[in-house]
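I'll drop the sequence and a predicted model, then ask my questions.
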Amino acid sequence: MDAGRDDAPHYVHDPRAHPGLRLIAMIEALKGLLALSAASGLELIGPVPLKRWAEAAIGYFQLDPRHGAMAWLANAINPDSVHLAAAAVATYAVLHLIEAWGLWRDKAWASLLGCLAAAVYLPFDMYALWRHPGWIAVAVLAINVLVVWVLARDLHKRRR
């Protein structure tokens, strides 16, 4: 459409108008790359050293080797569980990388995906703040609220 015509839209979405989208895209890309590194690390290290490290942690912290979360973790480590964990982390990584690409390219579906993904964490952030009040819990909650707000605002502007 010609910008000088009367029937031109009053609002044209400009990604530069939302610097927050680019920042969120960079953070999501970093999260995706870190998760991809973690998934690769799980596969490269393998179950034997992981099991040894879990058992060493149980001994170091003088935990009961038959009960508790660390004992369960040490007993659960096997080749299949390591492959499954690596696949789950790799899937998480790919989703964040796709979201980062979409946000960088100013795609509406990426704003929706990011808004929903960040909103899912809000109840857990509030629970963490209630159970462990402190500046870290407040900061994490505030950042997630800000991310949801920026992405929801972007979606709202696209609808107008």
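Okay, I see it. Residues are numbered from 1 along each chain as shown.

I'd guessed Ala74 sits against Glu55; true?
Yes. Ala74 lies in contact with Glu55 (CB atoms under 8 Å); the separation is 5.3 Å. Quick note: C-beta positions are derived from backbone N, CA and C, even for glycine.

need the helix or strand of this protein with the lowest average pLDDT.
Lowest by mean pLDDT, DSSP states H and E among the helices and strands of the chain is helix 69-76, with a mean of 89.

pull out the buried residues from the next helix or strand after that one.
Counting by DSSP states H and E, the next helix or strand C-terminal to helix 69-76 is helix 79-104. Under the neighbour-count criterion of 16 or more other CB atoms under 10 Å, helix 79-104 has 82, 85-86, 89-90, 92-93, 95-100, 102-104 buried.

which pLDDT value belongs to Pro9?
Listed pLDDT for Pro9 reads 49.

show me the contacts for Ala108.
155, 158 (CB atoms under 8 Å, 6 or more residues apart in numbering).

then Leu116?
If you count contacts by CB under 8 Å, 6+ apart, then Leu116 has nothing around it.

how close does it get to Arg22?
Per CB to CB, to the nearest Å, Leu116 is found 20 Å from Arg22.

and what of Ala142?
Counting by CB to CB - Ala142 and Arg22 are separated by 20 Å.

quick revisit: orientation of the least confident helix or strand of the chain relative to helix 79-104 in degrees?
110 degrees (axes from the mean of the first three to the mean of the last three CA atoms, to 10 degrees).

what about helix 69-76, distance to the chain center?
25 Å (CA atoms, centre = their mean, to the nearest Å).
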